[in-house]
Structures are given as structure tokens and as C-alpha cells.
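[1] pasting the structure only:
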């Protein structure tokens with residue numbers, strides 16, 4: 001330490017030492033906060049972490065991408081991720097190959113303009129990929145999406161209109177499910193979509209089920225064959241086990257829920273007019289709920305694959321950040337087959 005007459009340290013050296021101590025204390029507090037948050041989250045959501053396994057990183061999570069959905073591509077064993085950019089730039093698709101390599105793709109609307117939608121859902125068949133957009137979904141060539149190089153732009157073949165803007169979609173078996181999101185005051189739904197179920201609760205949203213039809217334009221029937229009345233704040237859908245329908249439910253900092261319903265026990269609860277046609281209506285409520293797993297906040301899209309449900313999350317994106325502190329930047333897989 002630099003000295004002056006009388007053996008006392010210079011003032012500048014004392015300041016440096018004090019600043020160093022302060023920074024060390026702050027670093028220690030930050031580390032303690034991260035450790036504490038991890039402990040809290042692991043304890044608060046112990047049933048989820050006891051069953052769920054981290055599988056791989058969500059691509060783009062540290063590059064401004066806010067992940068909304070994921071989809072497994074059977075033909076190539078790849079994964080697709082849809083979402084949006086926090087800076088409002090064009091919304092990308094990420095493709096994660098089986099070997100872990102990642103390609104970032106952009107999408108052009110049918111008119112050639114850049115897709116900058118919410119990216120709330122991505123799903124597909126061996127022929128087409130379907131990307132949610134305002135008022136319906138875009139149809140992409142599945143082989144082009146699978147082969148496009150990093151940085152490439154994929155041109156949408158068409159836009160298909162729906163009765164609502166889908167907050168989530170997924171293809172399971174021979175059915176395309178597409179549903180809406182409800183949260184009071186923020187995301188409202190038409191009064192006709194608020195349905196009192198046979199169990200006595202009010203569901204404020206609906207989910208349409210479209211049959212896949214190789215003879216129909218772009219492989220999906222023009223009108224749904226049935227409709228489901230669903231709870232609010234639903235972010236994703238998939239199936240699991242023998243007839244189970246799984247919904248992911250989340251909003252803001254509240255705990256997420258992975259809700260599994262026994263689809264085999266459902267009976268028609270009347271009809272619902274969809275696309276001008278009366279179709280059977282089924283209700284997902286407490287009467288058919290068979291499992292409810294509480295998960296960390298901001299669980300988004302879900303996908304069934306290899307006997308498990310894969311869960312994506314948006315809390316570790318650069319928009320929200322806090323999920324980075326407890327490992328929410330990974331896809332987790334959990335058994336909900338019962």
C-alpha cells in the first residue's frame with residue numbers, strides 16, 4: 001500500500017479498498033439471492049421438479065427471443081420453437097436438430113412482408129407446418145422448414161382464417177387443436193365463449209378441434225368437428241397416455257399449472273356454433289380433471305413426445321430475466337400419462 005509521511009495510506013488507496021469491499025459485499029448478496037431463489041423455487045414447486053427432467057436449452061433465450069411454443073418433428077427428430085423478439089423485430093423460428101445444432105429462420109407472410117407476430121404456436125405434419133398469426137395461421141412447407149439454412153427466410157404458402165386468433169395450437173394424431181387465451185381485462189373473449197359447464201363452473205374460452213384431411217386445402221378440414229369449453233389462461237395443449245388432454249395454464253408471476261383431463265370420460269354437453277355449423281361441445285372442468293401439477297411461472301407451449309410432456313417457458317428470456325436465475329431456460333419433460 002502506498003504510504004505518506006506518518007505511515008498513513010493515501011486517501012485514493014482507501015477509497016479503492018472501500019469500493020472493493022462494497023463490490024465484494026454486493027457480489028455476495030447477489031449470490032445469496034440467486035441461491036435463495038433457487039431453493040425457494042425448488043421447494044415451492046417440488047412435485048414438478050421431482051418428476052420433470054431438464055432436456056435441452058431453449059434456443060435464443062439469451063438473444064432476445066421470447067419462446068412461446070415448441071413442436072417435435074417426427075421425420076427428422078428435430079424441434080421447432082416459435083415466439084417473438086422483445087425488440088419487436090421480425091419473429092423467428094428456431095430449429096434444433098437431433099445433434100443439438102441450431103438454425104434461426106425468418107418467415108415471410110404470403111404477401112412477402114416479414115412475419116412479426118406473437119409466434120404463439122407452431123405445429124405440423126410431414127407436409128406442412130402451421131404457425132399462428134393474427135386471425136388464424138400461416139401454412140409453411142414442412143420440408144422447406146426442415147432444410148432451410150441458418151439465417152434463411154421461409155415463404156408462407158398461405159394464411160388460413162379462424163374464428164379467433166389462436167393463442168395455442170397442436171396436432172395430435174389426426175386432429176389439429178386450436179384455442180384462445182382469456183384473462184379478465186387483458187385478453188377478453190366473446191360472451192358466447194363463456195360457458196357454464198355441467199359441473200357448475202364457468203369456462204371463458206374455447207378450443208376447436210379440426211380433422212386432418214389430406215384432400216382438404218393444406219391438409220386441414222375447413223370447419224371443426226368438435227369444440228371444447230376450456231378454462232382461462234391456457235397457453236398450450238397436447239395429449240398424454242390413454243385419452244388424456246393436457247392444458248398448460250399460466251399468466252404473469254402466478255404459478256403455472258399442467259392440467260390433465262380424462263378425455264375418455266367426456267360426454268357432449270350440447271352443441272356450439274363454429275364457422276356457422278353446430279358441432280358437439282365438450283367441457284374440460286373439475287369433473288374430468290385427473291391431475292394438476294403446479295409448475296414455475298410462465299410455462300407456455302407443451303408437446304407430447306416419447307411418453308412425456310415437454311414444457312417450454314418464457315421467464316428466462318431477456319424480456320423477463322428472472323427465470324435465468326433458476327434454470328427456466330431449459331425445456332423440461334414430465335410424465336403425465338397417469
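    Yes, it's here. All values derive from a computational prediction rather than experimental measurement.

[2] tell me the SS of residue 325?
    Judged by DSSP: H, G, I helix; E, B strand; the rest coil, the three-state class of residue 325 is helix.

[3] number of nearby residues for it?
    Residues contacting residue 325 under the criterion other Cβ atoms under 10 Å number 18. Every residue, glycine included, has its C-beta placed from N, CA and C.

[4] so how far is residue 134 from it?
    Using Cβ to Cβ, to the nearest Å, residue 325 is found at 33 Å from residue 134.

[5] now swap in residue 210 and tell me
    As it turns out, when the distance is counted by Cβ to Cβ, residue 210 lies 19 Å from residue 134.

[6] more neighbours: which of the two?
    The neighbour comparison of residue 210 against residue 134 (other Cβ under 10 Å) goes to residue 210, with 25 against 10.

[7] quick one: that one and residue 172 touch, right?
    No. Under the criterion of Cβ atoms under 8 Å, residue 210 lies out of contact with residue 172, with a separation of 11.4 Å.

[8] so where do the strands sit in the stretch 1-150 of the chain?
    The residue ranges that make up the strands of the stretch 1-150 of the chain, judged by DSSP state E, counting those that start in this stretch, are 53-57, 65-73, 78-85, 93-96, 102-108, 122-124, 128-133, 136-141.

[9] parallel or antiparallel, which strands does the fourth one pair with?
    To tie it back to what came earlier, the one meant is strand 93-96. Take DSSP bridges as the rule and strand 93-96 pairs in its sheet with strand 78-85 (antiparallel), strand 102-108 (antiparallel).

[10] that strand - what's its average pLDDT?
    Across strand 93-96, pLDDT averages out at 98.

[11] ok, and what's touching that strand?
    For strand 93-96, the external contacting residues (Cβ atoms under 8 Å, 6 or more residues apart in numbering) are 56, 59-60, 65, 78-82, 102-107, 119, 122, 131, 145-146, 148, 154.

[12] now list the buried members of those.
    When these are checked for burial by 16 or more other Cβ atoms under 10 Å, the buried set is 59-60, 65, 78-82, 102-107, 119, 122, 131, 145-146, 148, 154.

[13] pLDDT below threshold where in this protein?
    Where the chain drops to pLDDT under 70, the residues are 1-16, 18-38.

[14] right, and residue 67 touches residue 58 too?
    Yes. Residue 67 is in contact with residue 58 according to Cβ under 8 Å; the separation is 5.0 Å.

[15] please enumerate the shared neighbours of these two.
    Going by Cβ under 8 Å, 6+ apart, residues that sit against residue 67 and also against residue 58 are 81, 312-313.

[16] and the residues you listed as CSV, adding distance to residue 159?
    Listed next are the shared contacts of residue 67 and residue 58 as CSV, based on distance: Cβ to Cβ, whole Å:
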residue, distance to residue 159
81, 21
312, 24
313, 28
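
[17] what residue spans form the domains of this protein?
    Following the assignment in automatic domain parsing, the chain carries domains at 1-44, 52-334.
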